[in-house]
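Q: Need the 3D shape of this:
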Amino acid sequence: MNKKPISRRKLIAYAWIGAAAIVIAELIGGTLAFLWPRRKGPKVETVFIAGKVTDFKVGEIIPFRKERTFILRTEEGFLAISSICTHLNCIVNWNEMLKKFECPCHGAKFNRNGEVLEGPPPRPLDLYKLQIVAGNVVVDRVSSIERSKFEPSQLVKS
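A: From the prediction side, this is the model:
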């Protein structure tokens with residue numbers, strides 16, 4: 001039984017077929033992974049204590065990354081601002097030098113009260129319910145509060 005060796009031409013053809021099969025499999029796998037529903041992320045408490053009222057300085061914006069919230073203290077009171085952009089749910093960052101919230105996805109900019117300054121967002125950053133309980137700033141993230149503009153009545157007096 002004398003086996004005929006494989007020709008170079010056939011070997012190269014088999015290699016191309018194998019490479020094409022791998023590329024197609026990765027494209028299908030990547031597409032399915034993109035379309036598959038995401039698993040729930042880490043559990044984050046819906047109600048959290050941000051700190052004592054005295055911990056916050058007037059004019060300061062404090063980020064709470066895990067809770068995706070910014071706490072703003074003004075002369076008149078407190079705001080709990082969501083850090084989720086109202087355009088495509090990207091996470092905005094506070095730029096201390098420019099005194100603006102900036103969205104890295106599409107260049108949206110918001111003022112210190114969360115109102116849109118430029119970019120594609122349809123409305124200001126959402127708020128969370130905030131209460132002052134026994135001298136503590138308590139934020140309730142159960143549901144966000146959509147708004148069309150900033151109004152002084154949104155501030156929680158300290």
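Q: buried sites along the strand ranked longest in the chain?
A: Counting residues, the longest strand found in the chain (DSSP state E) is strand 136-145. Within strand 136-145, the residues scored as buried using 16 or more other C-beta atoms under 10 Å are Val137, Val138, Val139, Arg141, Ser144. All C-beta spots, glycine's among them, are computed from the backbone N, C-alpha and C.
Q: same question for that strand, mean pLDDT?
A: Taken as a whole, strand 136-145 has a mean pLDDT of 88.
Q: Would you mind measuring from Glu115 to Ala25?
A: 48 Å (C-beta to C-beta, to the nearest Å).
Q: ah, wrong one, I meant Leu32
A: 11 Å.
Q: For the closest residue to Arg65 other than its chain neighbours, report the pLDDT, please.
A: In space, and not counting its chain neighbours, Arg65 is closest to Ser83: 7.9 Å by C-beta to C-beta, 6 or more residues apart in numbering. According to the prediction, Ser83 has pLDDT 92.
Q: Same question for Glu45.
A: Reading off the model, Glu45 has pLDDT 69.
Q: still on that earlier bit, wait, what's in contact with the residue nearest to Arg65?
A: Pro63, Arg65, Arg68, Thr69, Phe70, Ile91, Val92, Asn93, Phe101, Leu125 (C-beta atoms under 8 Å, 6 or more residues apart in numbering).
Q: Quick check: the fourth one touching Ser82?
A: Yes - because the distance of 6.4 Å satisfies C-beta atoms under 8 Å, Thr69 is recorded as touching Ser82.
Q: now the nearest residue to Leu155 once chain neighbours are set aside: how far from Gly18?
A: Counting by C-beta to C-beta, 6+ apart, Leu155 lies nearest to Gly77, which is 3.5 Å off, once chain neighbours are set aside. Remark: distance between Gly77 and Gly18 (C-beta to C-beta) = 66 Å.
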